[in-house]
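Q: How does the following fold in three dimensions:
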Amino acid sequence: MRALIAVVLLCALRLPGLRSQCPNPGSLKDPQGTKLCARMFTDSHENSTLSCVGEQMNIYPQDDYPMLPRSWNDRISSMVVSRFCSLTVWSRTKKEGKRRKFRAGVQHRLRDVRMGLLRNWDNQISAFFCEC
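A: Residues are numbered from 1 along each chain as shown. The predicted model follows:
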């Protein structure tokens, strides 16, 4: 019986959607090996091992976007900020509206990060600046 459970678990881990996991903030790099300041994702999940999925945007040190491209505006749901870096985000373009600074670490669900009394940061980011 234990062998059957082990086989089922191994098969489940091989499914693409179940292997998704947020990258380690201490070793966040692009495919060419260049250190990133942060990486943002369009999707998240209640289960942290299923977060950091969907489309992704690599953010390099000193990247400054007072206006996100239309395809990314108000679509960010999870993120990872590299060690020794910080990512400041705004809820409106041109760095207006609510502001928040995220330090190194993983935000599995921006829905869990409060923005005022009744709102959260899920799908609310319209501008950012990243520094390391």
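Q: what helices or strands is the host helix or strand of Met40 leaning on?
A: Assigned by DSSP states H and E, Met40 belongs to strand 38-43. Contacts defined by 3 or more CB pairs under 8 Å, 6 or more residues apart in numbering; DSSP states H and E place strand 38-43 against strand 53-59, strand 78-92. Using the backbone N, CA and C atoms, a C-beta is placed for each residue, glycine as well.
Q: Kindly reformat those strands as CSV containing mean neighbour count, mean pLDDT and distance to Gly33.
A: Formatted as CSV, the helices and strands packed on strand 38-43 follow (neighbours: other CB atoms under 10 Å; pLDDT from 0 to 100; distance: least, CB to CB, whole Å):
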stretch, mean neighbour count, mean pLDDT, distance to Gly33
strand 53-59, 17, 95, 12
strand 78-92, 21, 98, 14
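Q: For Leu68, which of the ones you listed is the nearest?
A: strand 53-59 (8.7 Å; CB to CB).
Q: mind listing what the closest one pairs with, with the direction of each?
A: If you go by DSSP bridges, strand 53-59 pairs up with strand 38-43 (antiparallel).
Q: what does the partner strand contact?
A: Residues lying outside strand 38-43 but in contact with it, judged by CB atoms under 8 Å, 6 or more residues apart in numbering, are 23, 28, 51-59, 72, 75-82, 85, 87, 102, 125, 130.
Q: Go again with 6 Å.
A: For strand 38-43, contacts defined as CB atoms under 6 Å, 6 or more residues apart in numbering pick out 52-59, 75-81, 87, 130.
Q: mind saving the C-alpha coords of it as PDB?
A: Written as PDB, here are the backbone C-alpha positions of strand 38-43 (Å, rounded to 0.1, in the frame of the first residue of the first chain):
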ATOM      1  CA  ALA A  38      12.600  40.500  -8.900                       C
ATOM      2  CA  ARG A  39      10.300  38.400 -10.900                       C
ATOM      3  CA  MET A  40       6.500  39.000 -11.100                       C
ATOM      4  CA  PHE A  41       3.800  36.500 -12.100                       C
ATOM      5  CA  THR A  42       0.300  36.900 -13.400                       C
ATOM      6  CA  ASP A  43      -1.200  34.000 -11.300                       C
END
